[in-house]
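Participant: Compute the structure for the input listed below.
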Amino acid sequence: MPVYHTLGSIPHKRHTVFRKPDGTLYAEELVSTEGFSSLYSLVYHTHPPTIVKSLGEPYSVEPTIVREKHLKHTSLIGFNIKPEDDFLESRKPVLVNSDLHISLAAPRKSMTDYFYKNSQADEVIFIHEGSGILKTGFGKIKFAYGDYLVIPRGTIYQMEFDSESNRLFIIESFSPIRTPKRYRNAWGQLMEHSPFCERDIKRPQDLETNDEIGDFKVLIKKQGLMYPYIYGTHPFDFIGWDGFHYPWAFSIHDFEPITGRVHQPPPVHQTFEGHNFVICSFVPRKYDYHPESIPAPYNHSNVDSDEVLYYVDGDFMSRKSVVKGQITLHPGGIPHGPHPGTVEKSIGKEKTEELAVMIDPFKPLMLTDYAISIEDESYHKSWQENVE
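Facilitator: I've put the predicted structure just below:
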């Protein structure tokens with residue numbers, strides 16, 4: 001999120017002397033994206049961030065692709081992913097391409113004995129169930145049901161959960177996650193017609209400087225491998241920082257829907273964008289107010305993109321038998337639309353209470369072994385008139 005933010009203590013000028021009370025220097029670090037051409041922050045550590053004590057053997061976390069090419073409407077029952085104690089082990093990639101990976105997770109335990117850094121992708125973690133605190137060197141962000149946590153690549157973090165009941169929908173983006181360009185002016189400010197604004201953004205707070213020396217395990221993901229590092233100092237040893245590169249959060253409940261006299265197309269729901277894909281939020285809203293409007297979405301062919309819907313809560317007027325945590329994948333190349341009977345049923349309705357996250361990728365998605373294990377194999381037949 002291109003909004004300047006700062007926490008803690010920083011020197012009056014960049015790249016100048018900044019000493020600790022004992023007279024030694026704090027260690028300055030530039031955290032930059034896309035070389036020196038995009039967002040960055042300047043971080044001041046109590047110890048150099050380069051003290052590596054040991055490096056373990058890397059191991060693969062690359063998704064196992066089972067269905068690479070397909071032209072089949074697909075449904076996955078996401079809550080059939082079983083909970084696991086460990087945060088990273090609980091993350092199950094289900095839909096992937098070269099631009100993004102989509103995973104489901106149901107972690108029971110907080111991250112206490114290690115830290116994690118994704119060096120290959122920005123992460124968007126949607127909190128479907130659970131609450132807690134995202135901990136980073138930049139500070140803390142409290143999260144709850146409906147929050148999107150946006151964690152830029154290279155950010156070392158821990159997830160602290162309030163309970164063992166957690167369900168997460170995770171997008172890893174191999175390009176930077178941004179707010180939609182059409183909602184920002186030339187200076188990066190969200191404009192008046194944007195469905196959310198800067199005051200809706202939750203930024204890191206409560207900076208805590210951990211001036212500790214010891215053995216600190218950091219698992220670093222890069223090119224499909226996980227590298228176990230042991231650092232000699234605590235990763236969250238920031239005394240201060242400033243800039244535009246940091247984790248932030250936005251609640252789907254703060255998204256203000258754009259409505260019209262007739263049915264509005266999916267781009268009005270757009271919340272984030274990456275290279276070759278968008279993320280949208282479907283939220284409770286008033287229906288169209290033309291006297292002859294049909295609120296249910298029309299049949300449409302995604303000629304150039306797949307469509308993924310992650311169902312969060314509420315009633316979905318265009319679908320039958322939808323359950324929480326369900327994922328539908330409608331591949332590009334064939335039409336899809338409302339289930340039989342739902343169009344007529346929607347006429348005259350005034351509002352919807354649906355809550356969902358949509359992803360439209362412009363490269364085909366492939367299904368992993370985890371996806372196949374939770375697939376509803378009959379979903380592609382659900383448009384038949386005799387289906388109840």
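Participant: Is the closest residue to residue 143 other than its chain neighbours in a helix, a strand, or coil?
Facilitator: In this structure, residue 143 finds its nearest non-sequential neighbour in residue 127, 5.3 Å apart by C-beta to C-beta, 6 or more residues apart in numbering. No exception for glycine: its C-beta is placed from N, CA and C like everyone else's. What DSSP: H, G, I helix; E, B strand; the rest coil gives for residue 127 is strand.
Participant: tell me which residues form a beta bridge with residue 127?
Facilitator: Beta bridges link residue 127 to residue 168, judged by DSSP bridges.
Participant: wait, doesn't it sit right on residue 147?
Facilitator: Yes: because the distance of 4.6 Å satisfies C-beta atoms under 8 Å, residue 127 is recorded as touching residue 147.
Participant: same for the helix or strand encompassing residue 149, what does it pack against?
Facilitator: When secondary structure is defined by DSSP states H and E, residue 149 falls within strand 147-151. Strand 147-151 sits against strand 122-129, strand 132-136, strand 248-251, strand 270-274, with contacts defined as 3 or more C-beta pairs under 8 Å, 6 or more residues apart in numbering; DSSP states H and E.
Participant: Quick check: mean pLDDT of the last one?
Facilitator: The average pLDDT within strand 270-274 is 96.
Participant: What of the second one?
Facilitator: Taken as a whole, strand 132-136 has an average pLDDT of 98.
Participant: residues making contact with whichever helix or strand comes after it?
Facilitator: Per DSSP H and E, the first helix or strand lying C-terminal to strand 132-136 is strand 139-143. Strand 139-143 has contacts (C-beta atoms under 8 Å, 6 or more residues apart in numbering) with 7, 127, 131-134, 149, 202-208, 247-249.
Participant: just the buried members of the residues you listed?
Facilitator: Burial by neighbour count, judged by 16 or more other C-beta atoms under 10 Å, picks out 7, 127, 131-132, 134, 149, 202-204, 207, 247-249 from the contacts of strand 139-143.
Participant: tell me which of these is nearest to residue 321?
Facilitator: Taking C-beta to C-beta as the measure, residue 321 lies nearest residue 127 of the buried ones among the contacts of strand 139-143, at 24.9 Å.
Participant: Which residue ranges of the protein form helices?
Facilitator: 87-90, 342-346, 369-373 (DSSP state H).
Participant: I'd like to know how many residues surround residue 72.
Facilitator: 14 (other C-beta atoms under 10 Å).
Participant: That one contacts residue 381, doesn't it?
Facilitator: No: Residue 72 is beyond contact range of residue 381, at 10.4 Å (criterion: C-beta under 8 Å).
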